[in-house]
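Colleague: Quick one, structure for this:
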Amino acid sequence: MAQGLIEVERKFVPKPGTEERLQELGGILEHQVTFRDSYYDTPELSLMRADYWLRQREGSGWELKCPRATLVSGPHTEYMELTVERAVVAQVCEVLGTEDLWAGGVAAMLGPLGLEEVASFVTTRSSWKLVLFGPEEELLLRIDLDTADFGYAVGEVEALVHDEAEVPTVLEKIHSLSSLLGVSEQEKAPSKLIVYLQRFRPQDYQHLLEANHSEERPRGTKHSDSSLS
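Modeller: Alright, predicted model coming up:
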């Protein structure tokens with residue numbers, strides 16, 4: 001697999017006063033933005049069922065979130081993010097078991113691989129940053145508070161790291177901040193995409209349930225959009 005950053009995140013349901021609490025803790029509102037996300041998969045949801053999430057974000061381009069083995073259990077997720085189109089195409093072709101169909105971009109492979117839009121929605125996001133200081137180094141956490149145009153609100157605390165060895169320290173900080181925001185230890189919140197499928201494409205949602213019958217809910221209910229976010 002092509003290398004990328006490791007995204008470690010925890011989703012939660014924002015409460016009244018979450019933004020005020022972030023300010024009290026020293027958080028800084030970086031920006032507020034509205035964008036459209038469109039997700040692509042085969043009619044059988046071959047990518048999502050394998051826990052891969054292909055997204056095109058308005059103004060940002062393509063991204064593929066790839067699953068990672070989580071060594072520490074808990075209500076968090078770890079994904080490798082691929083944003084270079086060449087790497088995205090190679091990984092999608094590998095997951096789908098086809099030859100590498102690189103022909104200049106992700107859009108060019110959609111038709112040959114039978115990939116189609118399975119979800120599209122608009123998100124209004126408030127993005128915050130908060131620097132936590134430790135005995136050895138400081139750590140930047142990002143907090144996104146999202147409201148989708150279909151009425152679902154979700155927040156996430158996120159950090160990006162380059163090496164697996166950094167994950168335990170980052171997780172400790174993420175859980176500490178989550179606690180300060182009033183998030184219970186085991187709280188889990190589904191991604192916007194999963195809620196979208198549950199509401200508007202229940203058959204697809206059911207397919208994800210069946211593909212992950214050993215779990216109570218699809219992987220995306222505890223993984224990134226998988227947020228994808």
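
Colleague: So which bits of the helix or strand in which residue 10 is found are buried?
Modeller: Following DSSP states H and E, one finds residue 10 within strand 5-12. By 16 or more other CB atoms under 10 Å, the buried positions in strand 5-12 come out as 6, 7, 8, 9, 10, 11, 12. C-beta coordinates here come from the backbone N, C-alpha and C atoms, glycine included.

Colleague: what does stretch 50-60 give?
Modeller: Those would be 51, 52, 53, 54, 55, 56, 57, for stretch 50-60 by 16+ other CB under 10 Å.

Colleague: Quick one: end-to-end distance for that stretch.
Modeller: 24 Å (CA to CA, to the nearest Å).

Colleague: Rounded mean pLDDT for it, please.
Modeller: Taken as a whole, stretch 50-60 has a mean pLDDT of 95.

Colleague: check contacts around residue 127.
Modeller: 29, 30, 31, 32, 33, 142, 143, 144 (CB atoms under 8 Å, 6 or more residues apart in numbering).

Colleague: starting at the chain centroid, how far to the helix or strand that comes right after the strand holding residue 10?
Modeller: Downstream of strand 5-12, the first helix or strand assigned by DSSP H and E is helix 18-24. How far helix 18-24 lies from its chain's middle: 23 Å, per CA atoms, centre = their mean, to the nearest Å.

Colleague: residues making contact with helix 18-24?
Modeller: 29, 126, 128, 130, 143, 145, 155, 180, 181, 182.

Colleague: Find me the pLDDT at the first one, would you?
Modeller: We have a pLDDT of 97 for residue 29.
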